[in-house]
Every structure is written in structure tokens, then in C-alpha cells.
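**Q** Provided below for reference: sequence and predicted model.
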Amino acid sequence: MNGELTELPEGWQWVNLSRLGKLINGDRGKNYPSKDAFVELGIPFINAGHLQDGVIQFSEMNYISEERFALLGSGKVQSNDILYCLRGSLGKTAIVKDNISKGAIASSLVIIRPFGCTDPEYLLQFLISPLGKAEILKFDNGSAQPNLSAKSVGEYSVPLPPLNEQKRIVAKIEELRDRHQRTKQALEVIPKLCDRFRQSVLAAAFRGNLTTDWREENPEVESASVLLEKIKEKRFELAESKRELLSVQKAYEENIDAPSDDIESLPSGWMHCRINNIGNVCNGSTPSRKEFQYWEGSIPWVSSGEVRNNQIFTTREAITQEGYESTSVRLLPIDTVLLAMIGEGKTRGQTAILKVEATINQNIAAVILNHKLISPEYLWYWFQYQYATTREAGSGSGPQALNCQRVREIPFVLAPLREQKEIVACIENLLRSIETIKQQFLITSNQIDCLNQAILAKAFRGELVEQDPNDEPAFVLLERIRAEREKADNGEKTKGKRAKQLKLEV
């Protein structure tokens, strides 16, 4: 027993865990079930992965047959057993409830079977408390695969209060935890509400609602139709090749009036168009991974996984000049707006702004705004607003994908340039408020988690519930536990002698 243990309240006593319950390893011999022995339905064979938040989860449970179970010499569970993880996720624990009439443990677990004078729930709460977790550090071997032994778990120092106080402590912990859980569940709606509010802000922005007063104060602002003519002239002027010149010409030969399904009417001075009308759309390429000399250079290279509704200042990878010249990549200017065309999960349809000159891979579309007549942030927020619609525009027999032509055809709401900048300022002001709420939510959620641990720490210092001087003190309880163990041991010895005698008689 550690001589530096915290002083406990009167009637409590420090005691090794092995004095409060029997520790039982699983059968690790020739009868240990391999994966081949698992059956679809049968007796639960419980491993560390099935222990979650103090309970045994059955969603991915393994089962063994009655015949295999009968062969096991140890590790069979019963109601109120505590299962404790010895390998990997040290200290994961759960209590066996009445819904498991039969079961066995994998070698990664040990059974702690409390003696009759110890409350199993009290021991469970101790094991998941900061005090219980600190015991792990005393005995963990510190190897790459952390593990404990049943013997070392038996040497854990446990603060033992009177039995009645154990029950009061458990009841108080459960009461407070339930209250905190209800609070946390109530808070969990906040991120969804923030996401909805964010989408509402973007919808209001692109309906012109955020800048109604601004338009009244600035009636002489240049209209979007005049702006589009300037963009057209500038794009022809900046075209660097015959191919690019033809691409710009084609952009204005097609129908420009492309109303969005979501926005039917626009403020005076605004207009509908398509992405093709406001910027050059292209994608990139990936230099051969087999050619090591193409990689780890100084030219930033963006993959679609890096496009996450963000601004890109640095990239995960960079290519060399040789890699750059080996493929059809293009060094894109700062303030180019990116759109992920292909990607895992939620990636497709997400957007980013380059804040560094960079190249991109073939799964990203770049909208180059080198004419400087469109606010890149305005387009960036438009893509975010149109995320769901853009994803639906994907095609393909496998994962839905976009391509450059589909990106060119995406509808766009063009506002006057000065108003675009005002809209961006309004959006960012409101989104800062949303971000503040989200950060406060994370802080509060973490505080609740910390509060649960603080409650457990307080409980095992004897500070959570009042002591009752009429409770039987821990040393008397230990005497009763000792007597109970002796009686059980004597019963086992007698049973063994009888079995031996019967064997001899036969």
C-alpha cells in the first residue's frame, strides 16, 4: 500500500482492490476461441471493444457456441461483475447487467467480482475516476503495447467508505451525471442551429437583404450589367493564348441569363449569370508519384482534401520545377477561388481561396479572377451557399463528380462590385458571431466533461455526500468481507475434497 495516500474521512480506509473482489482472468489455454469458432448467435464473447461508457455494447458482439463455452475453464461472467481492460485501451470498464445470463471474456480483459459487502457500482465509479486512472500509471509497463496484469490491478489502492455511504455516493454521482447529460444534450442542438443560421445568413446575403440600407444610401452605384461588360473586356485583354481567347468568346456567346432555383428575383442593379461569365475555369494535374524528383520541391500543390471552405496559405505538398514542367499544371494567382470536383465524404462541392500562388490537382476546378472585378470572397461565399446544389450537379456511375464544364455552367448572382465588398463585410460580421457561439459551445461541453471528472474526484475524497456517524466503519466492513471470503474458500475446499473422494470411490 502506498504510504503517501490522501487522508480519508473518519470511517474510511485505504485497501487493495484484491481485498474487495476476486480477480479472474479469461481462459488463455487451448480452448480459447479463435475467430473461426465464432457463431452468428450464441453466448457473448466480450472483448475491450465492446466496453463503452461503463456498459457492454452488443452492436458488434462476438458469440460462441454452448459447447465452446462449456470447454472454457475460467473467464465466465455473472451479474454485477466488473470487466476491466488489461491491454491496449487500459482501464476501459463496464459492469455486467442482468441482461447477460451467460458470457465469457477475451484475454484482453479481467473480471473483478466484488465480494458481497462491496457495492459493484462504487468500484466501477472508482475505476473510471481520476483516482482510479492514476492507479494505471503506477503499474503500466510503458511498452509500445501497454498492458497490465490481474495481479497489478489487485494492488490498486481503493478508498473504502462504509457500505451505506458507498450507496449514497453512487446515487449522488448518478443524479449529477444525469443532470449534466441532460444539459449536454440540450447544448448539442447548438452546432446544428449555428449551421442553419449560417445558411440563412448566406441566403439573405445573396437575396440582397443584408445590404438593403446600403443600396438606399448608395443609389448611384454602377450596375452589375455594366460590371459584366467591363469583366468581358478585361478578360479579352488578358487572354494569353488563342485557346483562352476562344474560351472567353464562347462564354459570352451562350445564354447569360441563368436564374438560380433558389433566388428568383434580385434587387435592382443585380443580375443572373454563370461562372463562365465571370472568370476562367480550369483544373490541374498530378505529377507522377513514381518520379521522386517531381516532389518535395518549392512550388505549392493543392489536393482536393485541402479544399475545406477555407483560405489556403500553405499546402501539404509541393512539387519541383521538373514536376511542374512534366504535367499540365498551372501556377494560379493569389485570390483564385477553388472548387473541389471529386473527393471523399463531404469534400465534393467545398471551396477555398488561394492566399499563395499554387498549382492544383485534376480533382479541383479553379476560377481565375485576374481581372480583379469580382470579389474573390463574394464568389467563395456563393459556392458555400450553393454547396448542396453544386453536389447534385455531379455525375458519374461511381461517386458523383463535377467537371470543369459543369462548374462553368453553375449559376451565379452578380452584384455591383462595391456592393459585393459590402456583402462580404456583412457576412463576415455575422459569421464571427456564429463562430463565437460555436467556440463557447465547445468550451461549455468540455467544462461539463471536466465537471464529471471533478465530481468523481470529490466523491473519492469523501466530499460528495455527508458522512453518517451511525454507518458501520470500513474496518468492520473489511472484517465481514474477510469472513465471507474464508467461508467461500472453505466451501471451495470442501467441494474439492468431495469431488476427489467421489473420484477415488469410482
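**A** Thanks, I have the structure now. Numbers count the residues shown, from 1 in each chain.

**Q** Grab the longest strand from this protein for me.
**A** Counting by DSSP state E, the longest strand found in the chain is strand 295-302.

**Q** pull the CA atoms of that strand into PDB?
**A** Coordinates of the C-alpha atoms in strand 295-302 are reproduced here as PDB (Å, rounded to 0.1, in the frame of the first residue of the first chain):
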ATOM      1  CA  TRP A 295       8.100  16.000 -55.400                       C
ATOM      2  CA  GLU A 296       9.300  17.800 -52.300                       C
ATOM      3  CA  GLY A 297      10.100  20.900 -54.200                       C
ATOM      4  CA  SER A 298       9.100  24.600 -53.600                       C
ATOM      5  CA  ILE A 299       6.000  25.000 -55.800                       C
ATOM      6  CA  PRO A 300       2.800  24.600 -53.700                       C
ATOM      7  CA  TRP A 301       0.500  21.900 -54.900                       C
ATOM      8  CA  VAL A 302      -3.100  21.600 -53.600                       C
END
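
**Q** pLDDT on it, on average?
**A** What strand 295-302 shows for mean pLDDT is 97.

**Q** And for it, what's in contact with it?
**A** Outside strand 295-302, the residues that touch it by CB atoms under 8 Å, 6 or more residues apart in numbering are 284, 287, 289, 312, 314-315, 317-324, 329, 331, 338, 352, 354, 356-361, 364. Heads up, the C-betas are built off the backbone N, CA and C, glycines and all.

**Q** Which of the residues you listed fall within helices?
**A** When those are checked against helices (DSSP state H), the matches are 321-324.

**Q** Can you list the neighbours in contact with stretch 129-148?
**A** Outside stretch 129-148, the residues that reach it (CB under 8 Å, 6+ apart) are 2, 86-88, 90-91, 126, 149, 152-153, 155-157, 159, 453, 456-457, 459-460.

**Q** What strand or helix carries the residue most central in space within the chain?
**A** Compute the mean C-alpha point of the chain, and by CA atoms, centre = their mean the closest residue is residue 442, 12.8 Å away. Secondary-structure element containing residue 442, defined by DSSP states H and E: helix 417-459.

**Q** so how far is that helix off the chain centroid?
**A** Per CA atoms, centre = their mean, to the nearest Å, the displacement of helix 417-459 from the mean C-alpha position of its chain is 17 Å.

**Q** and that helix, what other elements does it pack with?
**A** When contacts are defined as 3 or more CB pairs under 8 Å, 6 or more residues apart in numbering; DSSP states H and E, helix 417-459 sits against helix 120-128, helix 130-139, helix 163-187, helix 189-207, helix 212-217, helix 376-385.

**Q** change it to 6 Å
**A** helix 163-187, helix 189-207, helix 376-385 (3 or more CB pairs under 6 Å, 6 or more residues apart in numbering; DSSP states H and E).

**Q** so where's the stretch 351-500 of the chain uncertain?
**A** Residue ranges of the stretch 351-500 of the chain with pLDDT under 70: 394-400, 488, 491-500.

**Q** Show me how to select, in PyMOL, the buried members of the contacts of strand 295-302.
**A** What follows is the PyMOL syntax for the buried subset of the contacts of strand 295-302, where burial is set by 16 or more other CB atoms under 10 Å:
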select buried, resi 284+287+312+315+317+318+319+320+323+324+329+338+352+354+358+359+360+361+364
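
**Q** Okay, and which of the contacts of strand 295-302 map to strands?
**A** Using DSSP E, 312, 317-319, 338, 352, 354, 359-360, 364 are the members of these that sit in strands.

**Q** and which of the residues you listed is nearest to residue 53?
**A** Taking CB to CB as the measure, residue 53 lies nearest residue 352 of the ones in strands among the contacts of strand 295-302, at 37.3 Å.

**Q** Quick one: residues contacting the closest one.
**A** Taking CB atoms under 6 Å, 6 or more residues apart in numbering as the criterion, residue 352 is in contact with 307, 310, 312, 338.

**Q** which one of the ones in helices among the contacts of strand 295-302 is nearest residue 96?
**A** Out of the ones in helices among the contacts of strand 295-302, the one with the shortest distance to residue 96 is residue 323. That distance is 59.0 Å, counting by CB to CB.

**Q** Look at that closest one and report its pLDDT.
**A** pLDDT, read off for residue 323, is 96.

**Q** what residue ranges in the stretch 201-350 of the chain score low on pLDDT?
**A** Under the criterion pLDDT under 70, the flagged ranges of the stretch 201-350 of the chain are 254-264.

**Q** quick one: the closest residue to residue 335 other than its chain neighbours from residue 303, how far?
**A** Leaving out its chain neighbours, the residue that sits closest to residue 335 by CB to CB, 6 or more residues apart in numbering is residue 376, at 4.2 Å. Residue 376 sits 20 Å away from residue 303, going by CB to CB, to the nearest Å.

**Q** So if I had to pick from these two, which one is more boxed in?
**A** Set side by side, residue 376 and residue 303 show unequal neighbour counts under other CB atoms under 10 Å, the larger going to residue 376 at 21 against 18.

**Q** what's near enough to touch the more buried one?
**A** Contacts of residue 376 (CB under 6 Å, 6+ apart): 335, 337, 353, 369.

**Q** Tell me the most packed of these, by neighbour count.
**A** For those, the largest neighbour count, defined by other CB under 10 Å, is 24 neighbours, found at residue 337.

**Q** thought it was touching residue 367?
**A** Yes. A contact is recorded between residue 337 and residue 367 when judged using CB atoms under 6 Å, the distance being 4.6 Å.

**Q** that's a strand at residue 334, yeah?
**A** No. Per DSSP: H, G, I helix; E, B strand; the rest coil, residue 334 lies outside any strand segment and is coil.

**Q** Show the average pLDDT along stretch 15-30.
**A** Averaging pLDDT along stretch 15-30 yields 95.

**Q** Name the residues of that stretch that are buried.
**A** Of the residues in stretch 15-30, those with enough neighbours to count as buried (16+ other CB under 10 Å) are 15, 17-21, 23-27.

**Q** and what of stretch 412-428?
**A** Burial within stretch 412-428, assessed by neighbour count using 16+ other CB under 10 Å, is assigned to 412-417, 419-420, 422-424, 426-427.
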